[in-house]
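**Q** after the sequence you'll find the predicted model.
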2 protein chains.
Amino acid sequence: MNKTLLVAGSIAFDSLKTRAGSRDEILGGAATYISIAASYFSKVNLVAVVGKNDFPKECSNLLKKHNIDLTGLEFADGRTFRWQGEYADDFSTRQTLGTELGVFEKFDPKIPEEYIGPQILLLGNISPSVQLKVLERAKGTPFVITDTMNLWMDIALDDLKKIISKSNLLVINDEEAFQLSKKQQLITAAKDILKLGPEFLIIKRGEHGAFLFTAKDTFYSPAILLEDVIDPTGAGDSFAGGLAGYLAKTGATDFTTIKTAMLYGTAIASATCEGFGTEKTITLTNDEIESRVAKLKALVSLH
Amino acid sequence: MNKTLLVAGSIAFDSLKTRAGSRDEILGGAATYISIAASYFSKVNLVAVVGKNDFPKECSNLLKKHNIDLTGLEFADGRTFRWQGEYADDFSTRQTLGTELGVFEKFDPKIPEEYIGPQILLLGNISPSVQLKVLERAKGTPFVITDTMNLWMDIALDDLKKIISKSNLLVINDEEAFQLSKKQQLITAAKDILKLGPEFLIIKRGEHGAFLFTAKDTFYSPAILLEDVIDPTGAGDSFAGGLAGYLAKTGATDFTTIKTAMLYGTAIASATCEGFGTEKTITLTNDEIESRVAKLKALVSLH
């Protein structure tokens, strides 16, 4: 039985430079990647904000074409959020060259009547206080998936802990897990973070795959080896979006289903890295997704 | 049907410092770790050299107790090989503080009559010219497993390529694979290295597991998440030794058997990290090894 999926997060114009080339002001932002990835499995209700005068119709149309409902997309006075970044040649680090919050600075999330009571709520990486507002205003008792980043650990730790305690599944990367727990080993970090409240914790390790932890169990999904990486921007968001979309489609949120959902998230994340921005992600077919999932299963098969 | 296993490599006294403490002049060296790891599955014939006057009987006894035949252990004039190293707190890098080659400098490997014609030959990380001598003098047509390091890529690339071309399975880490292939992605690096001759290539990624490549297939074994790391010295050697021992025990060297062998190698390598030197490795039981392998299988199970 399908579940309804509500996604909240940022929409941005990204200017990117990688060893493969560069792009100027292309559609990006966590909510964009999450929604497009999730759209391969489920209808998506989107809560986000863009600039009234600089967000082109083509971008709205792209999202609409992907089964993404834009009733909750606010067009506000001001400019759309912009981010500029450059990646090291081996993609091990990236440098932020510029950030212009624009309409995002005063984002006060509004939940349309028809979005009320979502069954799955994915809170993309935005300030914990805004995540808390979305959760409160969306009402009901959704399965809450929360993404975040180290910035919020530095400047909004109390609110961050509050939203983590209300989350069912927290999705962060390994550096963030070490910072949040002040532990040096992944498994001890995971144990500490689970004590903050969530039943499930996913720790992403980029090209090294991702771990799923509960108080009792651990699961590991490898990543897909890529012949070439073009631009990893949004890969983590695509992972979370694909995962949430798969849960919405199957209607289950237990440990076993989340394991398989991670493979689907990984499949879409791998495609995201193969093009700038959403270039490659938007071209996926169900067959291509299934073929990537089959590859992941074969990778660890002993037979 | 068991196969005979011949191991050649270094025996050393290591002085180590990690965040967990330090040890002075403890038994180490690739051949030590390889042989002890392999001994859990198979008898080991060892070819190595130590100092006539400084290698204590307790060290010989420790190896003998582990089903390791010392007929091929040469006691030469001079001092046993010594290495001093210190690890960064997160174990991501290590610094060599001192190396004293001692008797290892003029090591001219001698193969006892009863070792001639091994079925599996594991060449630990020593100079490629010595590896070539061992291979030639051991005679027969063994399944050759070769380990190496970046030093030999810098100073002995021609001989290294020669021994790789004569190897059935090359075992290196990711940095070495990138250096050897001059490629930036693991899978393109693997394709290039396989062209040098070996049918099988394992690329180790430390705590991130290990990949097995053939021209057609890829397999991935994760690592075991450790609550604490004490000293990773010899983990890669324990991995190769456990793997080779498992192959010797089962008597098979096909892709499917090597996959399972990697889990056994990983199981022993994980134990090696949990103590200084061989402290923890020598205490293993078959039950503990099986329990670690079961953990690795469960880690990637979707059920």
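**A** Arrived safely, thanks for sending.
**Q** low-confidence bits of the stretch 51-200 of chain A, can you list those?
**A** Judged by pLDDT under 70, the stretch 51-200 of chain A has no weakly predicted residues.
**Q** which parts of it sit against chain B?
**A** Taking CB under 8 Å from any CB of the partner chain as the contact definition, the stretch 51-200 of chain A meets chain B at A:89-90, A:184-188. The C-beta positions use only the backbone N, C-alpha and C, and glycine is treated the same way.
**Q** can you pull out the helices in the stretch 1-150 of chain A?
**A** With helices called from DSSP state H, counting those that start in this stretch, the stretch 1-150 of chain A shows them at A:30-38, A:57-65, A:128-138, A:150-155.
**Q** mind putting these in CSV, mean neighbour count included?
**A** CSV is the format used below for the helices of the stretch 1-150 of chain A (neighbours: other CB atoms under 10 Å in any protein chain shown):
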stretch, mean neighbour count
helix A:30-38, 31
helix A:57-65, 14
helix A:128-138, 20
helix A:150-155, 14
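**Q** so which of the ones you listed comes closest to residue A:229?
**A** Closest to residue A:229 of the helices of the stretch 1-150 of chain A is helix A:30-38 (CB to CB; 15.8 Å).
**Q** what lies in contact with the closest one?
**A** Helix A:30-38 is contacted by residues A:5, A:7-12, A:44, A:46-48, A:63, A:66, A:68, A:122, A:124-126, A:147, A:234, A:237-242, A:244-245, A:248, A:265, A:268-269, A:272, A:278, A:281-282 when judged by CB atoms under 8 Å, 6 or more residues apart in numbering or on different chains.
**Q** determine how far it lies from the middle of the whole chain.
**A** 7 Å (CA atoms, centre = their mean, to the nearest Å).
**Q** buried residues, stretch A:287-303. List them.
**A** Under the neighbour-count criterion of 16 or more other CB atoms under 10 Å in any protein chain shown, stretch A:287-303 has A:289, A:292-293, A:295-296, A:299-300 buried.
**Q** quick one: that stretch near chain B?
**A** Yes: Stretch A:287-303 reaches chain B (CB under 8 Å from any CB) through A:297, A:299-303.
**Q** would you check those residues and say which has the weakest pLDDT?
**A** Least confident by pLDDT among the residues of stretch A:287-303 next to chain B: that is residue A:303, with 92.
**Q** ok, back up a step: quick one: which two of the residues of stretch A:287-303 next to chain B are the most distant?
**A** Pairwise distances across the residues of stretch A:287-303 next to chain B peak at 12.4 Å for A:299 and A:303 (criterion: CB to CB).
**Q** residue A:121 and residue A:139 touch, don't they?
**A** No: Residue A:121 is not in contact with residue A:139 according to CB atoms under 8 Å; the separation is 10.2 Å.
**Q** before we move on, back to that, for the residues of the stretch 51-200 of chain A next to chain B, pick the one with the most neighbours.
**A** With neighbours defined as other CB atoms under 10 Å in any protein chain shown, the most crowded of those is residue A:186; it has 21 neighbours.
**Q** packing partners of the biggest helix by length in chain A?
**A** Taking DSSP state H as the criterion, chain A has its longest helix at helix A:255-272. On a contact count with 3 or more CB pairs under 8 Å, 6 or more residues apart in numbering or on different chains; DSSP states H and E, helix A:255-272 meets helix A:30-38, strand A:200-204, strand A:210-213, strand A:218-221, helix A:235-250, helix A:286-299.
**Q** so for that helix, what's the average pLDDT?
**A** Computed over helix A:255-272, the mean pLDDT rounds to 98.
**Q** so which bits of that helix are buried?
**A** For helix A:255-272, the buried set under the neighbour-count rule, 16+ other CB under 10 Å, comprises A:257-272.
**Q** over to stretch A:16-24?
**A** Residues of stretch A:16-24 classed as buried by neighbour count (16+ other CB under 10 Å): A:16-18, A:20, A:23.
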